[in-house]
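> Requesting a structural model of the entry that follows:
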Amino acid sequence: MTKLVDVANAAEVSISIVSRILNEDPSLRVAAKTRERVLFAARELRYQPNHAARALRLSKNSAIALLTPDYANSIFSEIAQGVEEQARLLDLSVLINRASEIEDADTWLRRIVAERRADGILLQAPDGITKEGLSKLTSGTLPIVLINSRDDSDTSQIIFDDAGAVELALEHLFSLGHKKIGFLGGELSSPTGARRLAGFVSGMQRKKLEVNSEWVTRIGYTGVDGRKAVSQILDQPNRPTALIVANANAALGALAQIHTLGLRVPEEISLVSIHDIWFADATWPPITAVKMPNYEMGKVAIGMLLKQMETGVIEKNILTEPPNQLVVRSSTAKPPIG
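Numbering: from 1, shown residues only. Just a heads-up that it's a prediction; the model follows:
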């Protein structure tokens, strides 16, 4: 039977590095080539991570439950794909259900627990969920990992580097010469929106640039929300030369509304989306976006859940590996002269 030391020897790294890579440790900083070498060695030697093997031996069902608020949202679907493919490698079944309302989600989770159909839960809560609603969903008896949600409870949680994503978008706009930048954020109750707004404010302040409150909205993440936000910001004589939109769906609505207002992208105003999804490359112009590791989020979440099932360890992590990536397309350019 292959041991951890065998993988370490084959990959020419330490046992500790092998363990952290195979356990999807989000705090690990290691070169991509090293990570690939370890994963290749593990596959070739058919090694199974110890914590996963032990968790599965303790498992009654060899199944986990994944609750997502929206199948149609490509961000959620990419996370779910990461969960499913990692589960397949570990011979785990995944029970998936969509529930955008708290009561529906609570009913399904209670049934999963009562019928003992799964050994752990991955929960993608609706972004605007209240603390009370989140507490209700995490009060069960099964191990649970919150995906891209944060609360103050003793619940394992993994979130994106939201502030870093916005700061990456800002650096791109700064490099083009933009100083007058607006931000279209999520709804007021959204913790994701709050983190992204914090990244926007800190990035602007670091450049000693003004954060104009008239250029900042907290309306929401839908296409309709993006249209409303653009109308609110651009319906004034003093306009920004660039906009960062905190969600891809809202960015599509924002782009459409900019066209409706008779403005040209990027000649008169540049546009950047946080999250990169398939239609960002199919719009006109194609939208510059920050690609976040949705697929990898799903894989890391399973690793955290299995670790919790085995050891009871509660973790609260920010996913920084792989890092956010800027995908430059035609919606950004230098600001207009004058």
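> Next one: Ile64 from Gly203, what distance?
Distance, Ile64 to Gly203, by Cβ to Cβ, to the nearest Å: 37 Å. Where C-beta positions appear, they are placed from N, C-alpha and C, glycine not excepted.
> Name the residue in the two with the higher neighbour count.
Ile64 (30 against 24; other Cβ atoms under 10 Å).
> Could you find the closest non-adjacent residue to the residue positioned nearest the centre of the chain?
Nearest residue to the geometric centre of the chain (Cα atoms, centre = their mean): Phe160, 4.4 Å. Nearest residue to Phe160, sequence neighbours excluded (Cβ to Cβ, 6 or more residues apart in numbering): Met292, at 5.2 Å.
> helices or strands up against the helix or strand hosting Val38?
Using DSSP states H and E, Val38 sits within helix 32-44. Applying 3 or more Cβ pairs under 8 Å, 6 or more residues apart in numbering; DSSP states H and E, we find helix 32-44 packed against helix 4-11, helix 15-22.
> check contacts around the nearest residue to Arg46 once chain neighbours are set aside.
Distances taken as Cβ to Cβ, 6+ apart place Thr2 nearest to Arg46, at 6.1 Å, with adjacent residues excluded. By Cβ atoms under 8 Å, 6 or more residues apart in numbering, the contact list for Thr2 reads 45-47.
> Please report the distance of Thr2 from Ser19.
Distance from Thr2 to Ser19, by Cβ to Cβ: 14 Å.
> Kindly report the same for Leu271.
Remark: distance between Leu271 and Ser19 (Cβ to Cβ) = 43 Å.
> of these two, who's got more company?
Per other Cβ under 10 Å, whichever of Leu271 and Ser19 has more neighbours is Leu271, with 25 against 18.
> how about the more buried one, secondary structure?
In three-state terms, and counting by DSSP: H, G, I helix; E, B strand; the rest coil, Leu271 is strand.
> what's the answer for Leu146, then?
Secondary structure, three-state DSSP: Leu146 is strand.
> Give me the local confidence score for Ser59.
As predicted, Ser59 sits at a pLDDT of 54.
> Low-confidence stretches in the stretch 151-300 of the chain?
151-152 (pLDDT under 70).
> what about 90?
Along the stretch 151-300 of the chain, the parts satisfying pLDDT under 90 run over 151-155, 186-193, 220-222, 236-237, 277-279.
> How about the stretch 1-150 of the chain?
Judged by pLDDT under 90, the stretch 1-150 of the chain has its weakly predicted residues at 1-65, 67-77, 86-93, 95-121, 123-144, 148-150.
> which stretches of the stretch 51-200 of the chain form strands?
Assigned strands in the stretch 51-200 of the chain, in chain order: 63-68, 93-98, 121-123, 144-147, 156-160, 181-185 (criterion: DSSP state E, counting those that start in this stretch).
> which helices and strands does the shortest one pack with?
This points to strand 121-123. Judged by 3+ Cβ pairs under 8 Å, 6+ apart, strand 121-123 is in contact with strand 63-68, helix 102-114, strand 144-147, helix 294-311.
> Tell me which of those sits nearest to Val30.
Closest approach to Val30 among the helices and strands packed on strand 121-123 (Cβ to Cβ): helix 294-311, 13.9 Å.
> Please identify the buried residues of that closest one?
By 16 or more other Cβ atoms under 10 Å, the buried positions in helix 294-311 come out as 294-310.
> Off-centre distance for that helix?
14 Å (Cα atoms, centre = their mean, to the nearest Å).
> Likewise for stretch 268-284?
17 Å.
> Just the buried positions in that stretch, please.
If you call a residue buried by 16+ other Cβ under 10 Å, then stretch 268-284 has these buried ones: 268-277, 280, 283.
> now swap in stretch 143-159 and tell me
143-151, 155-159.
> how about the helices in the stretch 151-300 of the chain?
For the stretch 151-300 of the chain, applying DSSP state H, counting those that start in this stretch gives helices covering 162-176, 191-206, 223-234, 248-260, 294-311.
> Looking at those helices, spot the one closest to Arg35.
Per Cβ to Cβ, nearest to Arg35 of the helices of the stretch 151-300 of the chain: helix 294-311, 11.1 Å.
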